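Novice: 3D, please:
(one chain, ligands or ions: 1)
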Amino acid sequence: MMESTLKRTWAEIDLDALACNYEILCGRMGPSSRFLGVVKADAYGHGAVQVSRTLEELGAAYLAVSSIDEAREIRSAGIRLPILQLGLTPAEQAGQLLAHRIAQAVWSEESALSFSREAERLGGRIKVHIKLDTGMSRLGFLCGEEQFSCSLEAICRVCAMPGLEPEGIFTHFAVSDEVGEGSRAYTLSQHRQFEAMLRALEARGVGFSFRHCANSGAVVGYPQFGHDLFRPGIITYGAGHQAQELGLRPVMALKSVVGAIRTLPADMSISYGCTFRTERPSRVGVLPIGYADGLHRTLSNRWRVWTPHGFAPILGRICMDMCMVDLTDLPQIREGSEVEIYGPHNSVTEAAQLAGTIAYEMTCAVSRRVPRVYLRGGREVARELMLRG
Ligand SMILES: *Cc1c(COP(=O)(O)O)cnc(C)c1O
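Specialist: Now for the predicted structure:
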C-alpha cells in the first residue's frame, strides 16, 4: 500500500530519539515526579499510537489527549496506560469516558455536576482531574485572591460528587517558556496560586494522587515544579526553542525527493505570482511536497531544504503539492536524491520562526497524505499511512 507513496514525501519518526529525550527529561525532573506524555493532536503530528506505545514501554505513568476520539484511538491500539482527556467533553459523551477508562479534566462545578449525573445514571464513577486557572484564563477554577474561597468550596463539592472519583489536580502556565523578569514573576505567581489551593484543599481533607503543572517551558525553566507528574509536549519531540538547551534530539525528519530537475535560462519567473526571477541559468529541482503536505506557504522564498552537499533554497511560491529549489550550486544532487525539509539538519524551530509561527504548528501540520516511517536503531520498524484504501 505504501510502497507507491514512500518515494514522494514522508516523515521519519526516530523512536530512539524519543527514548533519549524521555530519559533526559526524567533525569531532569528526578525520581519523585513521573512522566505524563502529551500525545494530543496525533502526538504533535508524530503519530499518537506509535509514540504512546513507545512511552508505555519506556515506563511513562500517564498520557494526555485533547478529545475522546484521540483517547479511543490509543485504547484501540491496546495501550493500557491511564489517559487524561485535557479538552472539553460534552456531558452526553461521559459514557465513553467510562467505557474506555479515560480520566476527564473538570473545569467548573457545572461541568462536574453533569459528568457526575451521567456517571451515576450509567452506574459508574468517572476519574477526574480538577483544572485550576491560575492565570492562563482558558478553563478552570479561578485561584486569585477574590475567587479563592469560592473556588475552594466549589472544588470540595465537586470532590464529594457521587459519580466522580477525584484523582488529580493541575494547572497550566501561560509564559513558562519565556525569559525575562515579567514572565518569570508571572509563572512564579501562577505556581504560588496552585500551591496555595493545594494546601487549602489538604487542610479540608481533600488530597489527590496526581498533582501536576509542568509543561515543556516549566520542565526547562522550573524543574522544581515537578510535583507528582510532569507534562511535557513539544520538548518530548525535540522541537521548540528550548529543546536544544537540554540537548534533546528532533524526533521527526520530514523528507522528500528531487522528483525532476530542469535547466532554466536566466530571467525566468518561477511559480505562482512570479515572485522569484532567475538571475543566472539555473538547475531547478521540483519537489513533490507542498502546503497540502504541511509545508507552510509562508515559507515561500524563505526556507531551504537540506542535502548532504549543502542547502538548496526554495524558489518562488510553495504550491499545494510541489515546490521548486535551487540546485545550481549542488551538481551532486540528482533526480531521486533525498532532501530534508526539516529534522536533525534543518531546524523546524527556525522554519517556524521564519514562517511567523511556532514549531508546534509545523509538526502538527504534516498532513494525512504524508506516511510516517518509524525507526529504531536506524531500521524501519513500522509504517503508517492515514489515507484510507
Ligand atoms: C498541550 C498541553 C501541554 C503540553 O504543552 P507543551 O508546551 O507542548 O509542553 C501540557 N498541558 C496542557 C494542559 C496542555 O494543553
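Novice: burial count for the closest residue to the ligand within the stretch 51-200 of the chain?
Specialist: The stretch 51-200 of the chain approaches the ligand most closely through H172 (4.3 Å), counting by CB to the nearest ligand atom. In short, each C-beta sits where N, CA and C put it, glycine included. Look at H172: counted by other CB atoms under 10 Å, it has 24 neighbours.
Novice: also G207?
Specialist: By other CB under 10 Å, 12 other residues sit near G207.
Novice: I figured it was touching L201, is that so?
Specialist: Yes: with contacts counted by CB atoms under 8 Å, G207 reaches L201, the gap being 7.3 Å.
Novice: which helix or strand contains the residue of the stretch 251-389 of the chain found nearest the ligand?
Specialist: Residue nearest to the ligand within the stretch 251-389 of the chain (CB to the nearest ligand atom): Y360, separated by 6.4 Å. Assigned by DSSP states H and E, Y360 falls within helix 359-365.
Novice: immediately after that helix, which helix or strand?
Specialist: Helix 359-365 is succeeded, C-terminally, by strand 372-376 (DSSP H and E).
Novice: contact partners of that next one?
Specialist: For strand 372-376, the external contacting residues (CB atoms under 8 Å, 6 or more residues apart in numbering) are 6, 10-16, 46-47, 50, 380-385.
Novice: for stretch 336-350, which positions count as buried?
Specialist: Judged by neighbour count using 16 or more other CB atoms under 10 Å, the buried positions of stretch 336-350 are S337, E338, V339, E340, I341, Y342, G343, P344, N346, S347, V348, T349.
Novice: what's the closest of the residues you listed to L295?
Specialist: Minimum distance to L295 across the buried residues of stretch 336-350 is 6.2 Å, recorded for I341 (CB to CB).
Novice: and that closest one, which of the three is it?
Specialist: State at I341, reduced to three classes by DSSP: H, G, I helix; E, B strand; the rest coil: strand.
Novice: for the residue of the stretch 101-250 of the chain found nearest the ligand, which non-adjacent residue is spatially closest?
Specialist: Ranked by CB to the nearest ligand atom, the top residue of the stretch 101-250 of the chain for proximity to the ligand is G233, at 2.3 Å. Leaving aside its sequence neighbours, G233 sits nearest to V38 (CB to CB, 6 or more residues apart in numbering; 3.7 Å).
Novice: now the one you found: how far from Y62?
Specialist: Distance of V38 to Y62, computed by CB to CB, to the nearest Å: 10 Å.
Novice: equivalent analysis for A94, please.
Specialist: In this view, A94 and Y62 are 20 Å apart by CB to CB.
Novice: and these two? which has more neighbours close in?
Specialist: Shown here are A94 and Y62; by other CB under 10 Å, A94 has more neighbours (25 against 22).
Novice: correct me, but G356 touches T298?
Specialist: Yes: judged on CB under 8 Å, G356 makes contact with T298 at a distance of 6.2 Å.
Novice: quick one: which of these two has more around it?
Specialist: A direct count of neighbours by other CB under 10 Å for G356 and T298 places T298 higher, at 15 against 11.
Novice: mind listing the strands for the stretch 51-200 of the chain?
Specialist: 62-65, 83-85, 102-106, 126-133, 141-142, 164-171 (DSSP state E, counting those that start in this stretch).
Novice: just to revisit the earlier point, pull the most distant pair out of the buried residues of stretch 336-350.
Specialist: Using CB to CB, the buried residues of stretch 336-350 reach their maximum pairwise distance at S337 and T349, which is 25.0 Å.
Novice: any idea how far apart the tips of stretch 175-182 sit?
Specialist: End-to-end distance for stretch 175-182, by CA to CA, to the nearest Å: 9 Å.
Novice: any idea how far it is from the middle of the chain?
Specialist: Mean C-alpha position of stretch 175-182 versus that of the full chain (CA atoms, centre = their mean, to the nearest Å) differs by 20 Å.
Novice: and for stretch 170-177?
Specialist: Mean C-alpha position of stretch 170-177 versus that of the full chain (CA atoms, centre = their mean) differs by 15 Å.
Novice: what's the mean pLDDT across it?
Specialist: The predicted model assigns stretch 170-177 a mean pLDDT of 98.
Novice: again, but for stretch 241-255
Specialist: Mean predicted confidence for stretch 241-255 is 96.
Novice: report the buried residues of that stretch.
Specialist: Buried residues in stretch 241-255, counting neighbours by 16+ other CB under 10 Å, are found at H241, Q242, A243, L246, L248, R249, P250, V251, M252, A253, L254, K255.
Novice: is any residue of that stretch near the ligand?
Specialist: No: if you take CB under 6 Å from any ligand atom as the test, stretch 241-255 misses the ligand, and the best it gets is 9.3 Å.
Novice: restrict that stretch to CA atoms and write it as PDB.
Specialist: What follows is stretch 241-255, C-alpha atoms only, in PDB (Å, rounded to 0.1, in the frame of the first residue of the first chain):
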ATOM      1  CA  HIS A 241      13.300  26.900  21.000                       C
ATOM      2  CA  GLN A 242      14.100  25.300  24.300                       C
ATOM      3  CA  ALA A 243      14.800  21.800  23.100                       C
ATOM      4  CA  GLN A 244      18.500  22.400  22.300                       C
ATOM      5  CA  GLU A 245      19.200  23.800  25.800                       C
ATOM      6  CA  LEU A 246      18.600  20.300  27.200                       C
ATOM      7  CA  GLY A 247      20.300  18.500  24.300                       C
ATOM      8  CA  LEU A 248      17.100  16.900  23.100                       C
ATOM      9  CA  ARG A 249      17.000  15.300  19.700                       C
ATOM     10  CA  PRO A 250      14.400  16.100  17.000                       C
ATOM     11  CA  VAL A 251      12.200  13.100  16.600                       C
ATOM     12  CA  MET A 252      10.700  14.000  13.200                       C
ATOM     13  CA  ALA A 253      12.600  14.300  10.000                       C
ATOM     14  CA  LEU A 254      10.300  15.500   7.100                       C
ATOM     15  CA  LYS A 255      11.800  14.200   3.900                       C
END
